[in-house]
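Chemist: take this sequence and fold it.
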Amino acid sequence: MPTRVFVRIIGARSLPIMDPTTNSCDPYVKPQLKGVSFEPPTTQTAKKTLNPVWNELLKCDIADDCVLLDEPIQLRVFDKDTFTQDDVIGTVYVFCSSLYEGLGKIMSDEDSPDSKQDNRRREIHGWFPIYDSMRGICGELKVVVHIQHIMDFNPVEDSSVGVPVLSSSSPPEGFYIAELHGMVDELLVEDDPESDWQDNFRSCRVSNDARQLLLHTMDGRLGRQMGRKVADCGGNALLAYSTHYDLEEDVIVARGIGTAVTLRKGPAAA
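Modeler: Residues are numbered from 1 along each chain as shown. Reported below is the predicted structural model:
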């Protein structure tokens, strides 16, 4: 379904020193998502600071919201250089699958104004670690991400992708398992980006980042496809969800497993 994504970059703190001559850096943030262009494409460059403040809004439109369910939004933090290529400080991965989970349908009154407003705007916000595969944690980035369906109603409520995927084997407090539908699983196999590192002469950082993004994407696809299976068997939630990865020669094998259930609000029947 068509979806509009808003990413507000508030600021960052404790960035590493990228310019030894000034003991600072000139950071900016560039969001990335497969097949999508953000407007504007980057934040402004903050000058000579390790704790920049931007408070800038970047947005994009997505025709197929499965893109957000499968892949995280990458917020790549760069240090601006005048005469050489900009240096990568690190990346924040924001997973938007929770914005699509049908918690409003299961856990609130569907007819209440608050529930309808929540279905129109869902939000993730907070400080996120800036990670570099070579140097580890390189500070934190404060962001606010929310989505708005380009519709007068919430299309997710009638879609299998609105199924909550929960790692806990017990239902949330105040809810009970009304029906147990059984185990569901899914298997994915993808080529390992690390396997052709020597052939492509890629840097260690590029190779590491490619594998890390692939693992995130496989996890998102597992959750989405298993959510569809839950909906197909009549359930509305997936409990005890877990993933297992195997590195086998030149491929990565990912398996997801969980239990399809129907949750209802209220105390469990005696």
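Chemist: which neighbouring elements make contact with the longest strand seen in the chain?
Modeler: For the chain, the strand that runs over the most residues, judged by DSSP state E, is strand 175-191. Judged by 3 or more CB pairs under 8 Å, 6 or more residues apart in numbering; DSSP states H and E, strand 175-191 is in contact with helix 204-232, strand 251-265. Using the backbone N, CA and C atoms, a C-beta is placed for each residue, glycine as well.
Chemist: the helix or strand just after the longest one - contacts with which helices or strands?
Modeler: Same thing as helix 204-232. Per DSSP states H and E, the first helix or strand lying C-terminal to helix 204-232 is strand 237-248. Packing contacts for strand 237-248, counted by 3+ CB pairs under 8 Å, 6+ apart, involve helix 204-232, strand 251-265.
Chemist: the first one - what's its average pLDDT?
Modeler: It stands for helix 204-232. Averaging pLDDT along helix 204-232 yields 88.
Chemist: and for the last one?
Modeler: Confidence over strand 251-265, taken as the mean pLDDT, stands at 94.
Chemist: got the buried residues for it?
Modeler: For strand 251-265, the buried set under the neighbour-count rule, 16 or more other CB atoms under 10 Å, comprises 252, 254-264.
Chemist: kindly state the pLDDT recorded for R122?
Modeler: pLDDT at R122 comes out at 70.
Chemist: who are the contact partners of it?
Modeler: 99-100, 146-147 (CB atoms under 8 Å, 6 or more residues apart in numbering).
Chemist: just the closest of those to E179, please.
Modeler: Y100 (22.8 Å; CB to CB).
Chemist: the closest one: neighbour count?
Modeler: 27 (other CB atoms under 10 Å).
Chemist: could I get the full set of helices for the stretch 1-150 of the chain?
Modeler: With helices called from DSSP state H, counting those that start in this stretch, the stretch 1-150 of the chain shows them at 66-70, 103-107, 113-120.
Chemist: any idea which of these scores lowest on pLDDT?
Modeler: Of all those, helix 113-120 carries the lowest average pLDDT, namely a mean of 46.
Chemist: coming back round to it: buried ones in the longest strand of the chain?
Modeler: 175-178, 181, 184, 186, 188.
Chemist: tell me which two in the residues you listed are the farthest apart.
Modeler: Y176 and L188 (32.1 Å).
Chemist: residues contacting H216?
Modeler: Contacts of H216 by CB under 8 Å, 6+ apart are 71-72, 93, 95.
Chemist: most neighbours, which of the residues you listed?
Modeler: Of the contacts of H216, with other CB under 10 Å as the count, E71 tops at 23 neighbours.
Chemist: wait, isn't that residue in contact with L33?
Modeler: Yes - E71 is within contact range of L33, at 6.5 Å (criterion: CB atoms under 8 Å).
Chemist: nearest to L58, out of the helices and strands packed on strand 175-191?
Modeler: Per CB to CB, nearest to L58 of the helices and strands packed on strand 175-191: helix 204-232, 19.5 Å.
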